[in-house]
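Enquirer: sequence plus the predicted model coming up.
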Amino acid sequence: MFAFSAMALCASYSATAWEHHPLFTRPVLSTMTEVTGATPAAATSLKSFLVAVEPELVALLNNEEAWARTNMAAYKPRPDALAFQATGTANDIVARFLKAIRVNPDIKTPLYVSPLSGMKSVKTGLLAPSDVSILQDVSDLNVFDYEALAEGDTVAPIDIVATASNEPDYGLDIGLFEDNGTPFGALYGFGVQPFGNPNLDYGSQAPFHMGFYHESWIIYLFASFLNETYPEYRIHLCKSLSEFAFIHGQPYWGWRFMGWGLHYLADLSQPYHTAALPGYTTLQMLWVNVLNMIGFPGPQEDAVQLASNRHVALETFEGILLAFAVRNNLTQDPTLAALLKTGKIPAYTDSVPRDSLSASAHALTTKLNNTIMKYMPSYFVNNPSVELGDFPQRYEIIDMVVAEHGPAGVTAIDEAEAEAFSAFATWGRSFVLAVLGQTG
C-alpha cells in the first residue's frame, strides 16, 4: 500500500471544493439565454416528483447502473437489493430512491432558493443553514440567505440551478462507506473508504468529489486506491436524472438535478481535487514515501500538512474575493470575468469530466501551487507546523496579501484561479446544453 498518497488526501481534502458554488454557477448561467429565458418552474417536493414518475424511473436507474458497471473500471456495483422498484407506496418512496442512487438517506431537500445574503429582499421566511445541510458545522453557510418556498411557487430556473449547485456539499455523499459507522454505509456496497478521513464531518465525501485521473502510472502502481473515485458516476447520474425530469414534464427537478451535476463538474475544475499531492513531482512523492517507510516520517508529514494548508488558503481566498466581486458586480475581476466570458461551446460527451475538465485542472497544479507559495502569507502556506484550518486569522488573508505584495499579489492569485474557472465555465455550459438537448 502506497500509504503516503492516502495520508496526503486525508489531510488535504477541503469541505467545500471551490467555496460556495452558487457564486460561480450563477455567473456562468447568466450568459445562457437557454436558462435565463426559460419558463419559471413550479417548486415540487422530491416526494411529489417521485410519485409522478415512479414507474418510468425504474428503467432509468437500471440503465444508470448498467452504464457505471460498463464504463467505470473501479466501480463498486450497487447491490441488487437496493434497485429501485415501483411499489406504488408513497410513504417510503423518497427513502427508496435515495438508497437506490446511494446517497445519504438523511439529506434534506426542502424547497428554497439561496441568494447571497443581503442581496435581495426575502419574500418568505428564512430557513436556517441546518434546515438544508446535515453537516455538524454549518457556519460557512451563513454567506447565503435560505428563502423558503411553498410547493407550487414559481421559481426562475437560474435560481433553482444555482441553489442546487451547492447541495452535494450539504451531505449527499457523507457516510457511504462500510467503515463510516452508518447503517446505510454497511449496505451500499462501496466497501472501505479508499481515501479521505472518515472521522471528519465531511471527510467521507472525498472520493465522490475528487478525481485522480492523470497521475503517473507508477503512482497508480503503488496506490491503486486512487482509481476508486466517483465524480463521473455522480455527474452521469445527475445528467440522466435531469434529462429524465424534463422529458416527463417535471422541470423543477430537471433544473435541480442539473445543479447537482454542475457541482461535481466544478469540483473537477479545482486543481487540488485532481492531483494526489499538488506541487510535488512523482519522484518527490515516491522519495518522501520511501523515507517514511524506512523510519523518517518527517518529510512526508510536512508535505501532507503543506498541501492541506495551501488548499485551505486557496479556498478561503477565493471564497472571500469572489463573494466581494459578485456583491459589487466587479465584472473585471479576473475570476468573475472568466466565468462571464462567452465563446464557442464544445459538445459534451461522457468523457469530458475525465479527459477534458480534470485534465486541464491537473495541468494547472504546479503553476497554481507556485503562485500560492509566492504570494500567500508564508506562515500560512510554507510552514508545516501550522494547521491553517484552526486559524481564524485566515479570513484576513486578502488583507495580508495586499500588505505584503500590494494589489498585484491579489491579482496574481486571482488570475491563476481564473484559468481553472474558465474550464468550468466552458464545460458547465456544455453540460447544460447537453441536458437541454442542444449543441454548442
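Expert: Perfect, I can see it now.
Enquirer: residues contacting the spatially closest residue to residue 421 that is not a sequence neighbour?
Expert: Closest residue to residue 421 apart from its sequence neighbours, by C-beta to C-beta, 6 or more residues apart in numbering: residue 338 at 4.7 Å. To be clear about C-beta, it is placed using only N, CA and C from the backbone, and glycine gets the same treatment. Residue 338 makes contact with 418-419, 421-422, 425, according to C-beta atoms under 8 Å, 6 or more residues apart in numbering.
Enquirer: nearest to residue 20, of those?
Expert: Of all the contacts of residue 338, residue 20 sits closest to residue 421, with 12.8 Å by C-beta to C-beta.
Enquirer: right, and that closest one touches residue 24 too?
Expert: Yes: between residue 421 and residue 24 there is a contact at 6.1 Å, judged by C-beta atoms under 8 Å.
Enquirer: next, find the distance separating residue 54 from residue 48.
Expert: Distance, residue 54 to residue 48, using C-beta to C-beta, to the nearest Å: 11 Å.
Enquirer: what of residue 202?
Expert: Taking C-beta to C-beta, one finds residue 202 at 30 Å from residue 48.
Enquirer: neighbour count: those two, which is higher?
Expert: Taking other C-beta atoms under 10 Å, residue 202 and residue 48 do not tie; residue 202 has more neighbours (21 against 18).
Enquirer: which pLDDT value does the model give that one?
Expert: pLDDT recorded at residue 202 is 77.
Enquirer: got the phi and psi for residue 147?
Expert: phi -90, psi 120 (degrees, to the nearest 10).
Enquirer: quick one, helices of the stretch 151-300 of the chain?
Expert: With DSSP state H, counting those that start in this stretch, the ranges of helices along the stretch 151-300 of the chain come out as 157-164, 206-209, 217-222, 231-247, 251-267, 282-293, 298-327.
Enquirer: save those as JSON lines, and put in mean neighbour count too.
Expert: Formatted as JSON lines, those follow (neighbours: other C-beta atoms under 10 Å):
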{"stretch": "helix 157-164", "mean neighbour count": "25"}
{"stretch": "helix 206-209", "mean neighbour count": "25"}
{"stretch": "helix 217-222", "mean neighbour count": "14"}
{"stretch": "helix 231-247", "mean neighbour count": "22"}
{"stretch": "helix 251-267", "mean neighbour count": "27"}
{"stretch": "helix 282-293", "mean neighbour count": "16"}
{"stretch": "helix 298-327", "mean neighbour count": "21"}
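Enquirer: please identify which of those helices is closest to residue 194.
Expert: Nearest to residue 194, of the helices of the stretch 151-300 of the chain and by C-beta to C-beta, is helix 206-209 at 5.6 Å.
Enquirer: alpha carbons only: can I get the closest one in CSV?
Expert: The C-alpha coordinates for helix 206-209 follow below in CSV (Å, rounded to 0.1, in the frame of the first residue of the first chain):
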residue,chain,number,x,y,z
ALA,A,206,-13.9,13.0,-0.7
PRO,A,207,-14.0,10.0,-3.1
PHE,A,208,-17.1,11.5,-4.7
HIS,A,209,-15.7,15.0,-5.2
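Enquirer: mind giving me the packing neighbours of that helix?
Expert: Packed against helix 206-209 by the contact rule (3 or more C-beta pairs under 8 Å, 6 or more residues apart in numbering; DSSP states H and E) you find helix 231-247, helix 251-267.
Enquirer: so which of those gets nearest residue 110?
Expert: Here helix 251-267 is closest among the helices and strands packed on helix 206-209 (C-beta to C-beta), at 11.6 Å.
Enquirer: show me what the mean pLDDT comes to for that closest one.
Expert: The average pLDDT within helix 251-267 is 97.
Enquirer: could you do stretch 179-192 as well?
Expert: The model assigns stretch 179-192 a mean pLDDT of 95.
Enquirer: quick one: end-to-end distance for that stretch.
Expert: Using C-alpha to C-alpha, to the nearest Å, the span of stretch 179-192 from its first residue to its last is 6 Å.
Enquirer: what residues does it touch?
Expert: Everything outside stretch 179-192 that qualifies as a contact, by C-beta under 8 Å, 6+ apart, is 76-79, 81-82, 99, 102, 104-105, 174-178, 193, 198, 204, 228.
Enquirer: that one: how far from the chain's middle?
Expert: Centroid displacement of stretch 179-192 relative to its chain, using C-alpha atoms, centre = their mean, to the nearest Å, is 21 Å.
Enquirer: pull out the buried residues from it.
Expert: Going by neighbour count (16 or more other C-beta atoms under 10 Å), the buried part of stretch 179-192 is 180, 182, 184-185, 188-190.
Enquirer: closest to residue 352 among the residues you listed?
Expert: residue 190 (24.0 Å).
Enquirer: for the closest one, give its distance to residue 210.
Expert: Distance, residue 190 to residue 210, by C-beta to C-beta: 15 Å.
Enquirer: so which of the helices and strands packed on helix 206-209 is nearest residue 329?
Expert: Shortest distance between residue 329 and the helices and strands packed on helix 206-209, using C-beta to C-beta, is found for helix 251-267: 21.5 Å.
Enquirer: which helices and strands sit right next to that closest one?
Expert: Counting by 3+ C-beta pairs under 8 Å, 6+ apart, helix 251-267 packs on helix 22-30, strand 41-42, helix 46-71, helix 157-164, helix 206-209, helix 231-247, helix 407-435.
Enquirer: so what's the residue count around residue 91?
Expert: Neighbours around residue 91, by other C-beta under 10 Å: 7.
Enquirer: state the distance from it to residue 50.
Expert: Relative to residue 50, and taking C-beta to C-beta, residue 91 is found at 12 Å.
Enquirer: same deal with residue 101?
Expert: Distance, residue 101 to residue 50, by C-beta to C-beta: 11 Å.
Enquirer: Serialize the helices and strands packed on helix 206-209 to CSV and add fields for distance to residue 313.
Expert: Output for those, formatted as CSV (distance: least, C-beta to C-beta, whole Å):
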stretch, distance to residue 313
helix 231-247, 23
helix 251-267, 18
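Enquirer: and stretch 151-158, what's buried?
Expert: Neighbour-count burial for stretch 151-158 flags 153, 155-158 (criterion: 16+ other C-beta under 10 Å).
Enquirer: just the CA coordinates of it, formatted as CSV?
Expert: Coordinates of each C-alpha in stretch 151-158 appear next as CSV, following Å, rounded to 0.1, in the frame of the first residue of the first chain:
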residue,chain,number,x,y,z
GLU,A,151,-44.9,23.8,-3.2
GLY,A,152,-46.3,25.3,-6.4
ASP,A,153,-44.4,28.6,-6.1
THR,A,154,-42.9,29.6,-9.4
VAL,A,155,-39.1,29.9,-9.5
ALA,A,156,-36.7,31.2,-12.1
PRO,A,157,-34.6,28.3,-13.5
ILE,A,158,-31.3,30.2,-12.8
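Enquirer: residue ranges in the stretch 251-400 of the chain under the pLDDT threshold?
Expert: The stretch 251-400 of the chain contains no residues with pLDDT under 70.
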